[in-house]
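Engineer: A predicted structure for the sequence below; I have some questions about it.
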Amino acid sequence: MTLRDDEVVWIFDGNDGRAEGLLSMLAVMVNQLDGLLPEASDDPFEQIAAEFADDPTSRMRSNPRLRRMFPPALADDETAGTFWRDSVGAQARARLGAAATVSQACTHSPGWVPVRLAEADDWVKTLSALRLFWHAELAGPERLAEAPQDDSGLGHLVDWLGYLIEDLLATRAACIAEGTGLDF
């Protein structure tokens, strides 16, 4: 049996302020991601020209959270700049789209938030991006930096996001294997 896209494969517990907390974290990340994109235009040709003219390299170098989210493939400064110029816009838009899905779900169901199969990838992308974004505060911008032992609230937040990702992936996999969604 195959799952339909509208079947619930995970439920986010947004009770006790968790949905509001997630929405607050999303707002900070979305604001940073929006800053990577050139001004939007209603004219498609102006938008394309703005995309080609925009160079997010200096914005990336000055923001450890964004560097952590978009690590260049190579450490060479010139190659890093080329990577950011060529790929950050598309990646930022994809993350903004996924974040909008999560934000909409948490806004419409602030308690128990059902996550349907069609939305699960957006949730994984968003929770992973949030974890990278906030992990930069603990470990710095380095791509392979180990998380320091931290008993602060920020360390617990990064761990909680990791738990949510793991739980979502495991629950979705179990639903797919069983061929049935969760009752909600």
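Structural biologist: That came in fine, so what should we check first? Numbering: from 1, shown residues only.

Engineer: What pLDDT is listed against Val28?
Structural biologist: As predicted, Val28 sits at a pLDDT of 92.

Engineer: and the strand or helix carrying it, what does it pack onto?
Structural biologist: Assigned by DSSP states H and E, Val28 belongs to helix 18-34. Judged by 3 or more CB pairs under 8 Å, 6 or more residues apart in numbering; DSSP states H and E, helix 18-34 is in contact with strand 8-13, helix 64-69, helix 77-108, helix 117-139. The C-beta positions use only the backbone N, C-alpha and C, and glycine is treated the same way.

Engineer: of all the ones you listed, which lies closest to Glu20?
Structural biologist: helix 77-108 (8.2 Å; CB to CB).

Engineer: re the thing from before, tabulate the helices and strands packed on helix 18-34 (TSV), appending distance to His156 and mean pLDDT.
Structural biologist: Shown next, in TSV, are the helices and strands packed on helix 18-34 (distance: least, CB to CB, whole Å; pLDDT from 0 to 100):
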stretch	distance to His156	mean pLDDT
strand 8-13	16	97
helix 64-69	18	76
helix 77-108	20	85
helix 117-139	11	89
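
Engineer: closest one to Asp43 among the ones you listed?
Structural biologist: Taking CB to CB, helix 77-108 is the member of these nearest to Asp43, at 17.2 Å.

Engineer: quick revisit: which among the helices and strands packed on helix 18-34 is found nearest to Phe184?
Structural biologist: strand 8-13 (4.6 Å).

Engineer: Show residues contacting the closest one.
Structural biologist: The contact list for strand 8-13 (CB atoms under 8 Å, 6 or more residues apart in numbering) reads 3, 18-19, 22, 105-106, 112-117, 120, 123, 164, 167-168, 171-172, 175-176, 181-184.

Engineer: Next: stretch 60-74.
Structural biologist: By CB under 8 Å, 6+ apart, the residues outside stretch 60-74 that reach it are 29, 32-33, 36, 59, 79-80, 83-84, 87-88, 91-92, 95, 129, 132-137, 139-141, 143.

Engineer: Equivalent analysis for stretch 160-175, please.
Structural biologist: In contact with stretch 160-175 (CB under 8 Å, 6+ apart) are residues 3, 7, 9-10, 12, 115, 117, 120, 123-124, 127-128, 130-131, 134, 181-182.

Engineer: List the buried residues for it?
Structural biologist: Leu161, Leu164, Ile165, Leu168, Thr171, Arg172, Cys175 (16 or more other CB atoms under 10 Å).

Engineer: I'd say Phe133 and Met29 touch.
Structural biologist: Yes: counting by CB atoms under 8 Å, Phe133 does reach Met29; the two are 5.1 Å apart.

Engineer: roughly how far is stretch 92-103 from the heart of the chain?
Structural biologist: Taking the mean of its C-alpha atoms, stretch 92-103 sits 7 Å from the chain's own mean (CA atoms, centre = their mean, to the nearest Å).
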